[in-house]
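> sequence and predicted model, in that order:
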Amino acid sequence: MFKRRWPDGFVCPACGKRRVAALKSRPRLHECLDSGRQTSVTAGTVMHRSRLPLTTWFWAAHLMTTHSNGMSALQLQDQLGVTYKTAWLLTQKLRRSMVDPDREPLEGVVEVDQAEIAFREGDTFFEPGNAGKILVIGAVEIIERDTNQAKPRRKHAKYLDTRSGRIRLAMISDNSSASIEAFVNANVKRGATLLTDGHKSYPGLTGYRHDPRVVGKMAAHIVLPWIHRAFSLMRRWSLGTYHGLRRKHVDTYLNEFVFRYNRRYYRHVSFETLLGLAADKEPASYWDIIKRDNPRKSASRAGSAPLLHIDEPESAG
Ligand SMILES: [Zn+2]
C-alpha cells in the first residue's frame, strides 16, 4: 500500500518533506519527522476510515474484478464470512469506484439503441413477466477486426468482421429527442458515425454522421448486433447476479456492467482502480450511500481526480 501510494517515496502533504516514521501502534499511519503531521496510507482510497481489515477489502475487490459476473452482496457475504451489512457496504463502495468521471467519449463508428429492462420492486421475488420496466440506452464502438480500428463506411454499407469496442449504458426516462441527445452528447465524440434503428428521435442530433439501419422488417438485433449483444449480456448478468435490478440502484449496476465490460482484459488494473489506489477519491460514507437518491450524482461528487485510463478495451483476437 505504501509503495503504491508513494511510488517515488513518501512526501508529507503538509510540509513537502520526505523524512517519515511508521507508527508501530497504528500500522496504517505514518508521521512526518519534520512537521509531525500524521498521514494514513488509506487516505483518499475507498478503504479510508474503515474498521475492516485491509485484507477483507483486498479480497472483496479481487472477487469483484476476477469473477466474470461480479459479486452480489450475498455472494460476498458467503465468500468472506462477514455480515450481510458489511458485504453490502463493501460492494456499494467498490461499485462507486466504477465510474470514471474523466473517461473519454466513444468515437469512430458507434451503434446506439434503446432497450426495456425489467426491474425488481422491493424484496419481492423477481418475475420478469410481472415486473416494472425501465428504459436503457446504450452505445458501443464498432471496431474492424483486421485493422483494429473503426472505419466509417458509406451509408447503408454492411460492417463485416467487426468486434465490439467500449460501451456506455444509461437509464433514460423516455424515448424523446431530449433524452437521447443528452446521452449521445455526453458519451459519443462529435463527428462519430451513429448507427441506429432510425428512431424518429435521432435525426435532430447535430454534429454526428447519422446512418440509420432500418432494413424493412429486419429485426434490430441483426442490423445492430453489438449493442443488442451488450443488452442481452447485461440482462443475463442482472438476473444471474442480482436476480433482477432494483430501480433505485440501476445507474450503479449499469456502471458496474460497463466498467467490467470495458476492462474485461485488464482485470489486474480493475483491482487497483476499485480500491482507489490509483485515484484520489473522496471516500463515501455509509450515510452518503443509503441517503442518496441518484447514484450517478453522488458518484460524480465523489471524485474529480483522474483514474487509470484504459482507452483500448481489448487486444486483437
Ligand atoms: Zn511534514
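Received the coordinates, thanks. Numbers count the residues shown, from 1 in each chain.
> show me where the stretch 101-250 of the chain has strands.
According to DSSP state E, counting those that start in this stretch, the stretch 101-250 of the chain carries its strands in the segments 109-120, 132-144, 162-172, 193-196, 209-212, 245-246.
> pLDDT (mean, whole number) over stretch 156-166?
Averaged over stretch 156-166, pLDDT sits at 90.
> what's the answer for stretch 94-107, then?
In this model, stretch 94-107 has an average pLDDT of 80.
> list the buried residues of that stretch.
Neighbour counts using 16 or more other CB atoms under 10 Å place 94-100, 103, 105-107 of stretch 94-107 among the buried residues. Glycine gets a C-beta too; all of them are placed from N, C-alpha and C.
> now the residues you listed in TSV, with distance to residue 175?
Listed next are the buried residues of stretch 94-107 as TSV, based on distance: CB to CB, whole Å:
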residue	distance to residue 175
94	33
95	28
96	29
97	31
98	27
99	24
100	27
103	25
105	22
106	20
107	24
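> ok, so of the residues you listed, who is nearest the ion?
Nearest to the ion, judged by CB to the ion, of those is residue 97 at 28.5 Å.
> now do the contacts for the closest residue to the closest one other than its chain neighbours.
Excluding the flanking residues, the one nearest residue 97 by CB to CB, 6 or more residues apart in numbering is residue 274, at 4.8 Å. Listed by CB atoms under 8 Å, 6 or more residues apart in numbering, the contact set of residue 274 reads 46, 61, 64-65, 94, 97-98.
> ok so, going back, just the ones of the buried residues of stretch 94-107 in helices?
Under the assignment DSSP state H, the buried residues of stretch 94-107 contribute 94-96 to helices.
> so which of the buried residues of stretch 94-107 reach the ion?
On the criterion CB under 5 Å from the ion, none of the entries of the buried residues of stretch 94-107 sits beside the ion.
> most widely separated two among these?
By the measure CB to CB, 94 and 107 form the most distant pair in the buried residues of stretch 94-107, at 28.6 Å.
> format the ones in helices among the buried residues of stretch 94-107 as JSON lines; extra columns: distance to residue 270.
Converted to JSON lines, those look like this (distance: CB to CB, whole Å):
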{"residue": "94", "distance to residue 270": "10"}
{"residue": "95", "distance to residue 270": "12"}
{"residue": "96", "distance to residue 270": "14"}
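> out of these, which comes closest to residue 211?
Proximity of these to residue 211 was ranked by CB to CB; the top entry is residue 95 with 34.8 Å.
> from residue 184, how far off is the closest one?
Separation of residue 95 from residue 184 (CB to CB, to the nearest Å): 25 Å.
> can you give me the neighbour number for residue 48?
As a burial measure, residue 48 scores 17 neighbours (other CB atoms under 10 Å).
> repeat for residue 273
As a burial measure, residue 273 scores 25 neighbours (other CB under 10 Å).
> measure the residue nearest to residue 97 to the ion for me?
Plainly put, residue 274 is 30 Å away from the ion if you go by CB to the ion, to the nearest Å.
> show me where the protein dips below the pLDDT cut-off.
By pLDDT under 70, the low-scoring segments of the chain are 100-102, 121-131, 215-220, 242, 278-317.
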